[in-house]
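S.K.: prediction below, plus the sequence it came from.
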Amino acid sequence: MSIHEQFAEDLALHSLGSLEGEERARLEAHLSGCAGCRLELEQLRGDGALLALSATGPRPPQHARQRLLDAVAKEPRVQARVGDTAPRRSWWGALGWAAAAAVIIFAASLWKENAALRQTVASVRDQNAQSARELEDLRQIAAPIIAPEAQVVTVAALKEKPQPGGKAFYLRKRGSLVFLATNMPVLPEKKSYELWLIPTQGAPIPAGVFKPDAQGRASVINPPLPANTEAKAFAITIENEAGSPVPTSPIVMMGAGE
Amino acid sequence: METQQSPSDWEIVTGLKRGDQGAMADLYDRYSGVVYAVALRVLGDTGAAEDVQQEVFMQLWRNPAGFDSARGSMGAWLAVITRNRAIDALRKRKPETDFEDVVLSVSPDLAGDADRARAAEKVRAALGTMPDMQRKMLELAYFEGLSHSEIATKTGDALGTVKTRIRAGLITLRKAFQP
């Protein structure tokens, strides 16, 4: 992902909070519409974090730990305050439920499919084994969502309209990915959205083609991906219906990983 | 030294979201060294550094949703939040940065003491390769919170030179962690 060179130095200063006045306002206006420069800003903040690590010194005084825990004990409940946070949190919370719902719906569809098979196949001698396989399938699908080590990447609209969004749950070791999107704009005829895994090195990797439903919702579940590929970001382009092996149009949405 | 029983960062954050006070103790035990060192480096005063440390941890306790893994690794994120809060305290101004606005990307794993020590060693080595003036500008910007125009006034360099050197310094640090 390239950046706009004319902003390269201002991005570095902005990452440190050292940019002021008109230059800062101009850069912030640019950042609102430029995913590449936003990504670079995040990396520059990470570079700054590395600089912070060079700070060394004594451990905090022993009483500081107790002071903190006493203060925590005086404010024992945090869940009631979580609702005070930005509305986007509740949106993502809803998406979490959507993810759970997606898994349940998928489970239900598997169950229905299984029931239909039972009607048409007279003897299902390996029913137990099949159930076990279904359970394993569900585990595989849910793993990127529930595994502690799962990489979670937020993908947001490039332009000012904040409504379209998606969340990628990616488990690098297995090459497993679940992507859920909401409020996706209607596509032109004979076009699809294509999701791309942008590795830390090399060209973007196709990570599934999708079309949103009438409500703008869409999902991509476990597209074929090479295992153990580190994702720098995920991005979405609009491609021909069947998808493309390489991006042929500008990125419309993207999000950077850890 | 961490053992296999140590909770992961993810488990700690999940605990914080549940209101588990033990999770805050775990967070403190893992990251207070980083948080306090950064605050002390900026403020140069142990009492003020402790106050910033308390403030950073309490803000996370009050609003654990302010952090999620999409915002960067916990160690790096806390270091940046602490540095920003400490600069605000140094300049005696109200906190300017919202927790939720700090999103960063950093490659090394900083969850373990040994990981952080290795990373810090690499950073110090990279700083050692920089020309003195470049390192000084970077430190003035990062640990003293000076704007580029304040740095230019202090060093007598042109604004453009300050900008170029600061960016080049940050990129040098990044490259130190690239294979």
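M.R.: Great, that's in hand.
S.K.: need the contact list for the residue nearest the centre of chain B.
M.R.: In chain B, the centroid-proximal residue (C-alpha atoms, centre = their mean) is B:Ala79; its distance is 2.1 Å. For B:Ala79, the contact set (C-beta atoms under 8 Å, 6 or more residues apart in numbering or on different chains) comprises A:49, A:52-53, B:34-35, B:38. The C-beta positions use only the backbone N, C-alpha and C, and glycine is treated the same way.
S.K.: mind redoing it with 7 Å?
M.R.: For B:Ala79, the contact set (C-beta atoms under 7 Å, 6 or more residues apart in numbering or on different chains) comprises A:49, A:52-53, B:34, B:38.
S.K.: residue ranges of the strands in chain A, please?
M.R.: Ranges of strands in chain A, per DSSP state E, are A:151-157, A:165-171, A:176-182, A:191-199, A:205-210, A:218-221, A:231-240, A:251-256.
S.K.: what about the residue nearest to the centre of chain B, which helix or strand?
M.R.: helix B:74-90 (DSSP states H and E).
S.K.: can you check B:Lys163 too?
M.R.: Element membership of B:Lys163, judged by DSSP H and E, is helix B:159-175.
S.K.: please verify my assumption that A:Leu197 contacts A:Leu225.
M.R.: Yes: between A:Leu197 and A:Leu225 a contact is recorded at 6.4 Å, counting by C-beta atoms under 7 Å.
S.K.: need the residues touching each of the two.
M.R.: Residues touching both A:Leu197 and A:Leu225 (C-beta under 7 Å, 6+ apart): A:205, A:207.
S.K.: between the two, which one's more packed in?
M.R.: A:Leu197 (27 against 19; other C-beta atoms under 10 Å in any protein chain shown).
S.K.: helix/strand/coil for the nearest residue to A:Gln43 once chain neighbours are set aside?
M.R.: Distances taken as C-beta to C-beta, 6 or more residues apart in numbering or on different chains place B:Ser105 nearest to A:Gln43, at 4.8 Å, with adjacent residues excluded. Under DSSP: H, G, I helix; E, B strand; the rest coil, B:Ser105 falls in the coil class.
S.K.: how about the contacts made by B:Thr155?
M.R.: Contacts of B:Thr155 were listed using C-beta under 7 Å, 6+ apart, and they are B:133, B:137.
S.K.: and it, how far from A:Leu44?
M.R.: Here B:Thr155 is placed at a distance of 21 Å from A:Leu44 (C-beta to C-beta, to the nearest Å).
S.K.: pull out the buried positions in the helix or strand of chain B with the lowest mean pLDDT.
M.R.: One helix or strand of chain B scores below all others by mean pLDDT, DSSP states H and E: helix B:9-18, with a mean of 86. If you call a residue buried by 16 or more other C-beta atoms under 10 Å in any protein chain shown, then helix B:9-18 has these buried ones: B:9-10, B:12-13, B:15-17.
S.K.: likewise stretch A:226-239?
M.R.: For stretch A:226-239, by 16+ other C-beta under 10 Å, it's A:229, A:231-239.
S.K.: wait, which of these is closest to B:Leu173?
M.R.: A:Lys232 (17.8 Å; C-beta to C-beta).
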